[in-house]
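In: what shape does this take:
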Amino acid sequence: MLILSVVFLYGFASHRNANKKIEDIDVIFKNGDNLFISYEMVNKLLIQSLNTKGNQSKENLNLNNLERFVQNNDMIEKAEIFLTLKGSLRALITQRTPVLRVANSTGSYYYDKQGKKMPLSNNYSARVPITSSKLNKEKCNDIIYLANKIKNDNFLRKQIIGIKQIENKGTNQFELKTRLGNQIIIFGKLKKVNEKIKKLKVFYQKSISDNTLNNYKTINLKFKNQVVCAKY
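Out: I've put the predicted structure just below:
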């Protein structure tokens, strides 16, 4: 009788718990407070998917479908959705990370670190390099690679404000626009990228200490073991 009673109570509790309504939605952003998409927008997506203003029972809830629906939003890279012990719905949201902003005749938008298009946000404007170059799916891989390099380097992230992609004899070459000194950096092809970045940092360290940085209008990194500059 004791065993039967335990089984009955367990089954009754499980059934009652499964039929409880979802009364609360908790949204947590995993990668920063500068939100390209707001808590309210994610909450609205979840309610829209639940289709009952968050009042759907646990038993009928399909978490995988919820995650796929939320991840269809262009601002969201990943969504992890689960139920808490208290019965609320919790969503862990990873926003997309923009590395480049495009502003040309085709429109204005971001590319994220994975090379996917991402719309501008009314909530926050990312401080990333801007390009006016016309890009397509085949031509954007190189510039996204360079934009990621800039994003992941503390010095370059602060100094580079623009990237220009130039196609020359079937290969992509690049020019960078600087914040400090307002120079054009002639970067050239994406060959020996780390060496070029190292040369650039050494050049800046020397020219800033000598107070000569503002004398130059271009900084050319295309030559081996040297930096060639043109003065104003």
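In: bridging residues for the closest residue to Val228 other than its chain neighbours?
Out: Distance criterion C-beta to C-beta, 6 or more residues apart in numbering; nearest residue to Val228, sequence neighbours excluded, is Asn220 at 4.2 Å. In short, each C-beta sits where N, CA and C put it, glycine included. Counting by DSSP bridges, Asn220 forms beta bridges with Ile186, Val228.
In: could you chop the chain up by domain?
Out: Following automatic domain parsing, one gets these domains for the chain: 2-95, 98-231.
In: worst mean pLDDT among the ones you listed?
Out: Ranked by mean pLDDT, these end with domain 2-95 at the bottom, a mean of 75.
In: list the contacts of the residue sitting nearest the centre point of the chain.
Out: Residue closest to the average C-alpha location in the chain (C-alpha atoms, centre = their mean): Thr97, at 0.8 Å. Taking C-beta atoms under 8 Å, 6 or more residues apart in numbering as the contact definition, Thr97 lies against Asn31, Glu77, Asp112, Lys113, Lys151.
In: just Leu89 next, same as before
Out: By C-beta under 8 Å, 6+ apart, the neighbours of Leu89 are Ile22, Asp24, Ile25, Asp26, Leu46, Gly54, Leu61, Ile81, Phe82, Leu83.
In: and the nearest residue to Val70 once chain neighbours are set aside, what element?
Out: Spatial nearest neighbour of Val70, chain neighbours left out: Ala79 (4.1 Å); criterion: C-beta to C-beta, 6+ apart. Using DSSP states H and E, Ala79 maps to strand 76-83.
In: after that strand, next one along is what?
Out: strand 89-95.
In: list the buried residues of that following strand.
Out: Leu89, Ala91, Ile93, Gln95 (16 or more other C-beta atoms under 10 Å).
In: which outside residues touch stretch 109-126?
Out: In contact with stretch 109-126 (C-beta under 8 Å, 6+ apart) are residues 34-38, 74-75, 77, 96-102, 108, 128, 140-141, 143-144, 147-148, 151.
In: out of those, which end up buried?
Out: 35-38, 74-75, 77, 96-102, 128, 140, 143-144, 147-148, 151.
In: now, these that are in strands?
Out: Of the buried ones among the contacts of stretch 109-126, the ones assigned to strands by DSSP state E are Glu77, Pro98, Val99, Leu100, Arg101, Val102.
In: now the residues you listed as TSV including distance to Thr171?
Out: TSV is the format used below for these (distance: C-beta to C-beta, whole Å):
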residue	distance to Thr171
Glu77	31
Pro98	26
Val99	21
Leu100	19
Arg101	24
Val102	21
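In: so which of those is the closest to Phe155?
Out: Val99 (15.8 Å; C-beta to C-beta).
In: contact partners of the strand holding Ala79?
Out: 22, 37, 42, 46, 58, 61, 63, 66-67, 70-71, 89-97, 112, 114.
In: and it, which residues are buried?
Out: Ile76, Glu77, Ala79, Ile81.
In: and the two most separated of the residues you listed?
Out: Pairwise across the buried residues of strand 76-83, and taking C-beta to C-beta, the largest span is found between Glu77 and Ile81, at 14.2 Å.
In: no further questions, thank you.
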